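Engineer: I would like the atomic coordinates for the input below:
(chains A and B)
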Amino acid sequence: MKKLILKSALYFFLILISLELLVRVFHLGKDTPTRILDENNVEKWLPNQQGFSVTGNRRQNFSEFHINNSGYNSYREFTPTMDKVEVALVGDSFIEGFHQNYYNSIGKKIEKSIPGIEVYEYGYAGYDFADQLHLVNAYQEQFNAIDHVILGIKFSNDLTRGTYKVVQGRLALESPMNRLLKKSKLLVYCKSIGILDPPQMLLYRLKSLLKPPTPTNEISDKEKQEALQKKEEQYLTNFKSLVNTYGFDKTRYTLLLDSKITSDYFIAYLDREGFNHIDFADYFAKSKMPTTLIYDRHWNDHGRELIAKSISDYLKKTPIIE
Amino acid sequence: MLFNSLDFFIFLPIVFIVYWTLFKKNIKLQNIFILIASYFFYAMWDWRFLFLILASTIVDFIIGPLIHNSDSSKIRKRWLWVSVIFNIGLLGFFKYYNFFVDSWIDMMNTIGYKADNSWTLQIILPVGISFYTFQTMSYSLDIYYKRLTPNKDFICFATFVSFFPQLVAGPIERASNLLSQITTKKTFNYIQCKEGIKLILWGLFKKVVIADSIAPIVDDIFANYETYSASTLVLGVSLFSFQVYGDFSGYSDIAIGTSKLFGIELMSNFKFPNFSRNVAEYWQRWHVSLSTWFRHYVYIPLGGSRVSKLKSVRNIVIIFLVSGFWHGANWTFVIWGAIHALLYIPVFLMGRNRIYMNNVVAENRWFPSIKEIFQILLTFSLVTFSRVFFRSESITDAFGFLKQLYSNFKFETYAHPLGYRMIDYFILLALFVLYEYLIRKDERSPFKFKSKIVRFALYTLVILGMLLFFDDNIDRSFIYFQF
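Structural biologist: As a prediction, the model looks like this:
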């Protein structure tokens, strides 16, 4: 039996090495750029990195990214001046756009639609409204030179906190251990396609076995409604708190949102208080083609076209373009 | 616990190491341990149904000696009937009760009587019941036919009934093969274990890469057949042929490979049926353990082919209908069985049902002849056509599928429901068929190449295939578990 175990271990090791080579040769795993926390306490990518983002198995979505001098995925450098027309898109992974070639981004599509303007994409996976306003505030000088700022907001995700703090969980991805693990493209690939989920689930299962069972109570529809209302109120409070802390120039700042997944309560507040917003729900609803990637919830090329169109249509009506 | 789950990949090495380290010197302890492991394996699905296995085990363990010790053929037959009625009763209740009630109500409604379906019950089908009841019955039947003497060791017998590698979906073993191995002291055999690991690897490939990756396409086409053209429907049912083959033969390979790790040789269940040259050969290569069971315990007792042609034809019809019905409580399976009977009878009447028994396609040649290619394609097409009934949810769906096939007779390209490139699957299947053709002479040695480098490259490619076609979001259970 010793021979069997030793030989199996040897084969296992050699096969792992061969697979690592094959994954690298066929570029099946994604390249993950390095994150940093800059001198202004803003979390972003380490400037000047390049690589390929891969989604799904068999390279279902393969795109090139380019982290510019400012630490964001964009084909252009961000050099706002008072004499050009610039628009900033601030948001999470949807704006960051690792699922598209960096030279075919939402910003590029807007630039094609409105010649003469420059679009700066400050997108970073996981950015919520606190991250966004903190960024705008930290780089106030730069943002003051930008003519218009569009902030992507997803009501259910982006307003869970009312003050900004560095998200240590995200930065922990840059721990020496994680960086070492990321060196193995095979491991990165396996993680991305979900092969490593069952071991993780098993660990959770074992952990939950050790914990005493927590009683689960049935919640009535009324209680559910009350909880939802409470949550919406909390999110609005967080929104107000962040706006109070960092300020919000209603003449230059616009929110980008999908009214289908945004609370009416929140939209009513925005309308009442004069917060401008672009609603892309209608653009998506009218589309006969899918707007998201099939194996990922991010926007596909068509979805990004529609987002760019909704922003362009809006901008064309603003004084900066008119 | 699924063979393709992490749970199994933790369970198997533990059982293997404990078996060969702690209990290697004592056959009794080895069997007790395997029995406990098998019950644990089964209890991971639903521990309540362990009592059914136990009941079936106890009944046949008691009846075996009663049949054997009696000199009166009447009494022997009576005890055999007790065993058969008990096992078929279990199967009938859990698998067919609702079907019979529904069919009865439908029939009454058709002839004008109004009947409600208050008699149907919420019954869960215990996993593997069709397999282990047949296996225990084979024990009593073999004793009845004096091919076997009863086993006096309950642990051995219980291990035979519940041996975990083949408990839930076969191969359905005859007591004369499996029980005799369980009662024999086993010593560790390096070569056997190595072969076992290779079979497990190949079985996993067939399950993960062939069956599971195709499943979403087949599910989509069969669920939305009304919207698709003939070309897509043909694609769907052809892919289902590969899916069900990859799924079940993959399961069987893992079962046989796992058994080898414990020093037990199970019978082959699949012998490259896709290269069959007629339907008779197909049934000698597809789900061999079930065909063998029906041949031994139904076909031959009915007279087999040693009676008049007419009676032989009747026997063929019976075993195919019963075999169809064994697969599931649905008329679709009965029609599937009937189609196979219709395909088999002409081959039988022409006396060509045994001509390919002992050889494979292109025996001693590299390439098949044009005639063989034509035969293989024809057999594959006929068998695939029958699978419209095997896969459809109901008779209405099956006929709807066929109607759509001729009423919307045009070619259309098909897009994968999850967005994957279809060309990947066509290349994959072409390579798979080609590789199976290369290894077609020995179903138990999928990596039988002299060169170590070639073998190593194949292991790597097989695992790479699993990584490339693994999809976290699809249902990974085995098709035959529902039977």
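Engineer: residue boundaries of the strands in the stretch 51-200 of chain A?
Structural biologist: For the stretch 51-200 of chain A, the strands defined by DSSP state E, counting those that start in this stretch cover A:61-67, A:85-91, A:117-123, A:148-152.
Engineer: The last one pairs with which strands, parallel or anti?
Structural biologist: For strand A:148-152, the paired strands and their directions (DSSP bridges) are strand A:85-91 (parallel), strand A:253-257 (parallel).
Engineer: Give me the mean pLDDT for the helix or strand where B:Gly257 lies.
Structural biologist: Here B:Gly257 sits within helix B:230-261, counting by DSSP states H and E. Average pLDDT, helix B:230-261: 95.
Engineer: ok so, going back, out of the strands of the stretch 51-200 of chain A, nearest to B:Phe333?
Structural biologist: Among the strands of the stretch 51-200 of chain A, strand A:61-67 comes nearest to B:Phe333, with 41.1 Å by C-beta to C-beta. For every residue, glycine as well, the C-beta is placed using N, CA and C.
Engineer: Low-confidence bits of the chain, can you list those?
Structural biologist: Defaulting to chain A. Low-confidence segments of chain A, defined by pLDDT under 70: A:322.
Engineer: sorry, should have said chain B
Structural biologist: B:117, B:480-483.
Engineer: one more time with 80, if that's ok
Structural biologist: Applying pLDDT under 80 to chain B picks out residues B:1, B:106, B:112-125, B:170, B:418-419, B:472-483.
Engineer: leaving aside the residues next to it on the chain, what's closest to the residue sitting nearest the centre point of it?
Structural biologist: By C-alpha atoms, centre = their mean, chain B has its centre lying nearest to B:His287, at 5.0 Å. In space, and not counting its chain neighbours, B:His287 is closest to B:Asn269: 6.2 Å by C-beta to C-beta, 6 or more residues apart in numbering or on different chains.
Engineer: sec struct for B:Ser140, please.
Structural biologist: Assigned state for B:Ser140: helix (three-state reduction, DSSP: H, G, I helix; E, B strand; the rest coil).
Engineer: In contact with it, which residues?
Structural biologist: B:60, B:63-64, B:67, B:79-80, B:83-84 (C-beta atoms under 8 Å, 6 or more residues apart in numbering or on different chains).
Engineer: Report the spatially nearest residue to it, omitting neighbours in sequence.
Structural biologist: B:Ser83 (3.9 Å).
Engineer: my read: that neighbour touches B:Asp60, true?
Structural biologist: Yes - with contact defined as C-beta atoms under 8 Å, B:Ser83 reaches B:Asp60; the gap is 5.6 Å.
Engineer: Could you tell me which residues touch both of the two?
Structural biologist: With C-beta under 8 Å, 6+ apart as the test, B:Ser83 and B:Asp60 both reach B:136-137, B:140.
Engineer: hang on, the earlier thing: what's the burial count for the residue nearest to B:Ser140?
Structural biologist: 24 (other C-beta atoms under 10 Å in any protein chain shown).
Engineer: For the helix or strand containing it, name the packing helices and strands.
Structural biologist: In this assignment (DSSP H and E), B:Ser83 forms part of helix B:73-91. In terms of contacts (3 or more C-beta pairs under 8 Å, 6 or more residues apart in numbering or on different chains; DSSP states H and E), helix B:73-91 is packed against helix B:50-69, helix B:129-144.
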